[in-house]
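Q: any chance you could fold what I've pasted below:
(3 chains)
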Amino acid sequence: MEFVKVEGLTKRFGGVLALDDVDLSIDRGEVHSIVGENGAGKSTFIKILSGIVKADGGEVYFEGGRITNAHPNRLFEIGISASFQETSLFDNLTVSENIFIGELYHHREFRVNWRTASGRAREMLADFGVGDIDPQEPVAHLSTEMKQIVEILKAVKVNAKLICLDEPTAPLTSRGTGLLFQLLGELKKKGITIIYVSHNLNEVLQISDRITVLRDGRKVDTVERKDAGESVLHDLMIGRSIERARKPRKGRVEYGRPALRVEGLSDGDKVMDISFEAYREEILGLTGLVGAGRSEVAWMIFGLTARRSGEVWVGGRRIEHLTPDAAIRAGIYYLPEDRRVMGLFLNQNLYINTTISKLEKVKKRLVLDFKREKALSEETMSRLGVKYASLNQIALNLSGGNQQKLMFGKCLFAEPEILILDEPTKGIDVGSKEEIYGLIRSLAHEGMAVVLISSEVEEICLLSDRVIVMGNGRTLGTFEGEHINEREITSCYLQTARSK
Amino acid sequence: MRAYTIWIFLALLVLVMSFLSPNFLTSQNFTTVLKNLAPTALLAFGLTLVFLGGGFDLSQGATLILSATLIASINPEGAIFFTLTVLLIFFIAFCIGSFNGYLIGMHRLNSFIVTLGTRSIVGGFVFIHAAGMVVSAAIQSPILEYIGLDRFLGIPVQTIIWVVIAVLCWFVVKYSPYARKIAVVGSSVRVGKFSGLKVEGLQMSTYVFNGLLAGLAGILIGCQTSHIAPALVWHYDFDAITACAVGGISLSGGKGTIIDTLSGVLLLGFINNSMIMIGVPYKWQLILKGLVLLMAIIADMQSKKSYA
Amino acid sequence: MREKTILERIYDFRIPLLIVLLVIAFSIISSDFLSLRTVNTLLLLLPANGVVALGVTMVMIIGELDLSVGGVVALSGLMMVKLLPLGTAVAVVVSLAAGGFIGLVNGVIINKLKVNSLITTIAVGFILSGFSLVFSEGTVFYENKVLTGFGNRSLWIFPYTTLLYFIMTLLIQYVLQRSTFGIKLYAVGGSRISSDYSGINVTRMGIVVFILSGLFAGLGGVLLAARLSTASPLRGSETAIVVITAILLGGTTLGGGYGDVVKSLLGILLLSLLTKGLTQLEVPAYYQSMIIGVILIFLLYVGSRLSRRE
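A: Numbers count the residues shown, from 1 in each chain, chains lettered A, B, ... in the order given. You can find the predicted model right below:
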C-alpha cells in the first residue's frame, strides 16, 4: 500500500486549469520534493492535499483510505499537517498559544495549562536553535523569519505522519535554512514523511529522496535524487533547454545626467547612509542580505516612509517632500515585493487595477471613459502576456505569475521613467521569470532607468549593468562589468554575515 | 449586479400589496412614499460613499437632527435670510463631517468609535439647542413650507430634490475618477498608498460629503413640519444603514453602486408604506420590518454566494 | 520587545486611573459622594448593563457585534414578569432560555448563513422591540418579594446583584484566559481562516458566543426588572450603545482577538461613575453623553499616538 497516492487530481480556478489529471505516489518516510512553475500547480497540489482547497476531480488516498476533499480538521486528526507561504499564525496570540492551538482539537479537557505549554514551547524553540524567542511573546511582534519558524514548528508539533511544507525557506536566512534542514533530518529519523515544495533547486537537491516535476498542471516526471541535477530539473520544468545567458548585458551606456540620484539617504532605522545614481537605459542592481535595508531605501525614494536625512534628485531636480503621489508625478514607480498585500487590489477587476495610478489617461472631460479604459488595459495585458479570462474578473483569481505581470502593467500604465523593482520574480516560476527578465531588459533598452532590488544573486548578475551591495544600511561595495559575478558579489555581502 | 434579488423582492412586494390594499397602487400613495423617502435616501447615498471608502458613520443621524432643529427654530423668511440659514447649516454639517474625516482619515482612528463619539457630542448640541423639547415655530415661513409641503409641476419639491441628488450621486459614483479612487482605497488602503493615491484625504472627503448630505436631509425634514420632536427622528440613520446593507453595499469597502443603495432605500420605504396601508399596528410593523429585512439580507447573501 | 515608556504604562492603566481620578474629583466637589449610601447606589447600577457587557465582550472578541441585546433586555424582563404566576424560578429560567434562544437565532443566521452581524442584530433588535410591545404596550408592575429583594438588597455596601456580576466576571475571565473555549475564542477573533485550519470549529464557536450573549442579555433584563419592580417594552433602547461604549472604554477593540471582561467591568464602572457623578452634579443628560463622547475619542486618539511609536 502506498503511503500517499494521488490519482487523476484536477483543479480549475476560473478558466485556468491549475492541476490536470495528476498521478503521484509518495513513499512512507521519504522526503519528496515538488518543483515546477507556479502556474504548474505545486501550491495547489499541497493545498488540496491538506484540505484547504477542494479538488474538482481525482482522488487522494492516505494509507489506503480515501481522503479526497476532507476537511483540514479531519486531516489533522489522521496526521497530515501543512505549513504555507502565507503564514497562518494568529497575530493576537503568543508563540506558545500558536504552536499548540492545533493540539486543542485533541484536547478534550476544559482547562488548558499554559504554564506547561509554555515550558514545552521553550524546549522546542531551544531544540530548534532559536531559544531566544520568548514563548510568551505575541506573534505580532516577531520578525518575518521568526514567524516562519514558529509556523513550521506548528506544523511539526502535531503528531503528524505527513508534513507538507510550501516554500518554507523563502523568508529564512541561511542560518534558518540550515536549522530547518537539521530538523527535517530529525523528523525523517522518526519516520515522518515530508513533502517539500520549493523553487530553490539547490535546496531541493540537497534534501530530497525523490523529486517530482510539475509543468502547466501536469506531472512531467518523478526522479530519484541521484538521477537529478539542476539542468535536468530545469529542462523538465520548462520543457526545453535553456541556455541561460550568463553574461551581463554588454555595451556601455553614455553616462549623461543621472535620472535618479540619492545622497546620504537615511531613515534612522534600517538605512544609515546610502548614495547612488541611476541612469537611463541602465539596470542598477541592489542586493544584500535580508534586512540590509534595500526595500527601505526604495520606500524613502517613493515617499512611503519619511527620511531622516539625505536628498533625492530626479532628473536634476531636487524633490523636497516625497509622497508616492509626488514620486509618480516625478516619473518614479515602485513595484512592491508583496503583490497581494501591497501591489494589487485583489477584489477589484483587472482594468481597475491597471489604470489606477494614472486615471488621467482614461478620462474624457472629467469623467471616466470605460471604453478607452478597457481598450488600454487590454493592450497592456497583451503586451505583458497576462493570461486572463475577462477584464472583469477580479485580480485574486489570477495565478501568481499573471498577478505579477498585472502589477507590472499597473506600473507601466503610469509611464514611469524610473522603475524601482522589489523582488520582481519572487514566487514566480522559471518560465514567467524569463519573460519578466526579457521585459525588464526591454524596458531599460527603451530608455528607462531601472533599479532592481533582489536577493537572488544569479538574477542580479544576469540583469544588472552595475551592482550595489548593501549591508546594515550602508553600501558595502559596487561592481561593474566583469566584476558582476556571483562569487565576488556573494563574498562581498557575506562580509557582513561574518562581522555580525 | 447583485442587487437583482432586492429589485425582485420589491416587485413582489408591490404586486402583493396591490392585491392586499386598494389604495396602494395609487399615484397619491406612491407620491407620498417617494416624498417621505427623501431623508433616508440622502443619508443612504452619503453612507454609500463612506462604505465604499471602507469606513463607517454612525453620526449622520445626529447631524440630521441638528440641522432639522436649527432650520425649524430659525424659521427664516425671505430668500436672503433663507439662503444664509441654509449656508450656515451646511457649514455646521461640513464641520461635523470634517471633524469625523480628520480623525478617521488623517489620524487613522477607528471609524465606528469616532462616529459613535461624534454622535453623542452632536446629539448633545441638539439638546442644548432644543432642550429636548419639541421645536416649533408658530407660523412656518413660506419658503420652508414650499420645500416641505409644496409641489413643483405636480411633484413634491422634496422628491425632486432627492431624485436630483440621486442622479448626481449615481453619476459621480459610477463615472468620476474621484469615486474610483475612493473605491480602491476601500479595497485596500495600503495598496492605494502604493499606487500613489492620497488615501487620507480621500477617506476624509467621504465623511465631509456624508455630513453635507445629512445636513441637507435635516433641512428637508425641518421644512416638512414646524414641529420637530427630536426623539422621533432618531431612526433615519439606522434606516440608511440597513438600506445600504440590504442594497448590497459591501460593508468592508470597495464595492457598491448607487443603484444598489436605491434598491435598498425603495424596498425599505415600501415596506414601511405597505404596513401602514394594511393598517398594521406599530408593534407588528417593527416585527415585520425586521423580518423582511432579515429575509432580504439572507436572500442577498445567498445570491452572492452562488456568484463567487 | 523593547521596554515600555512611562506614558505607555500609564496608558495601560488609564481606566483604573481615570476611575480613581473621577472618584477624587467628585468627592471634592460633592461632599457626600463617598458616603456608603452613594457607593451602594452606584454599585447597584452596575449589574444591569454589566452582565450584558459580559456577553457582548465575548462577541466582540470573536470579531462580531450584537446590537440586539437591548431588545433581549426588554423582552426577557417582560417575559419574566408575565410568567411569575408559574413560579419565580421557572419565570427566570424561561426568560434566560428565551435570551439564549434569540442568541441561537442570531448565531445561526450570522454563522451558517454568513450574514453580516451588525445588520442581522439590528434587524433582530427591531423584531424584539416589536415583540416586547406585543407583550405589553406599557410598563408592567408586579409583586414578588424574592425578586425585588434580591434586586435591591445588599450585603453591607455590595448589592447582591452586583456581587453576582463581579463573581460572574471573574468566572468568565477565568474561562477566557485558562480554558480551551477561551483560547479558541481569541483564535477565531484573530483569524477565522487560521482557526479553521487549526481544527477549530469556527461556525460552532460563532454560534455559541451569540447564545451566550443572548443569555447574558436575558439575565440583564431579569436583573433590571428585579431592581425596578417593573418591566417595560421601552427598556433597552440605549443598552447596546451604552454597553458597547463601556466595552470600548475598557479597552477591548472592535477588530476581534483582543479584550477581556475585567476590562469591560472597568469600563462599565467608569461609565456608571461618570453618569452618576454628573447626575449628582446636576449636569443634564445631554451634556453627559457629550462628555462621554469626548472621552471616548480622546482615549482613542491617545491610544493611537502611543502605538504609533512602535
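Q: all strands for chain C, in order.
A: Taking DSSP state E as the criterion, chain C carries its strands at C:140-141, C:154-155, C:158-159, C:230-231.
Q: with distance to residue C:174 added, can I get these in a markdown table?
A: Placement of C-beta: from N, CA and C, glycine included. As requested, the strands of chain C are exported to a markdown table (distance: least, CB to CB, whole Å):
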| stretch | distance to residue C:174 |
| --- | --- |
| strand C:140-141 | 37 |
| strand C:154-155 | 22 |
| strand C:158-159 | 20 |
| strand C:230-231 | 32 |
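Q: looking at those, which is buried most?
A: Among the strands of chain C, strand C:230-231 has the highest mean neighbour count (mean count of other CB atoms under 10 Å in any protein chain shown), at a mean of 22.
Q: what pairs with it, parallel or antiparallel?
A: strand C:140-141 (antiparallel) (DSSP bridges).
Q: mind listing residues that contact the partner strand?
A: C:78, C:81, C:82, C:229, C:230, C:231, C:232 (CB atoms under 8 Å, 6 or more residues apart in numbering or on different chains).
Q: what sits against the first one?
A: Remark: with contacts taken as CB under 8 Å, 6+ apart, residue C:78 is in contact with C:132, C:135, C:136, C:140, C:225, C:231, C:232, C:233.
Q: by neighbours, which of those residues wins?
A: residue C:225 (32 neighbours; other CB atoms under 10 Å in any protein chain shown).
Q: isn't that one right up against residue C:231?
A: Yes. Shown here, residue C:225 and residue C:231 form a contact pair, counting by CB atoms under 8 Å, at 4.6 Å.
Q: need the overlap of contacts for these two.
A: With CB under 8 Å, 6+ apart, residue C:225 and residue C:231 have common neighbours C:77, C:78, C:80, C:81.
Q: now list the buried members of those residues.
A: Taking 16 or more other CB atoms under 10 Å in any protein chain shown as the criterion, what is buried in the shared contacts of residue C:225 and residue C:231 is C:77, C:78, C:80, C:81.
Q: if I look at the residue nearest to the third one when sequence neighbours are not counted, how far off is residue C:190?
A: Leaving out its chain neighbours, the residue that sits closest to residue C:80 by CB to CB, 6 or more residues apart in numbering or on different chains is residue C:95, at 4.1 Å. Residue C:95 sits 34 Å away from residue C:190, taking CB to CB, to the nearest Å as the criterion.
Q: before we move on, back to that, mean pLDDT for the strands of chain C - can I get that in a markdown table?
A: Formatted as a markdown table, the strands of chain C follow (pLDDT from 0 to 100):
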| stretch | mean pLDDT |
| --- | --- |
| strand C:140-141 | 86 |
| strand C:154-155 | 84 |
| strand C:158-159 | 89 |
| strand C:230-231 | 88 |
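Q: nearest to residue A:120, out of those strands?
A: strand C:158-159 (41.7 Å; CB to CB).
Q: and that closest one, which strands flank it?
A: If you go by DSSP bridges, strand C:158-159 pairs up with strand C:154-155 (antiparallel).
Q: can you pull the contacts of residue B:240?
A: B:40, B:43, B:44, B:46, B:47, B:60.
Q: which bits of the stretch 201-308 of chain B sit near chain C?
A: Counting by CB under 8 Å from any CB of the partner chain, the residues of the stretch 201-308 of chain B close to chain C are B:238, B:241-242, B:245-246, B:251, B:282-291, B:293-294, B:297-298, B:301-302, B:305.
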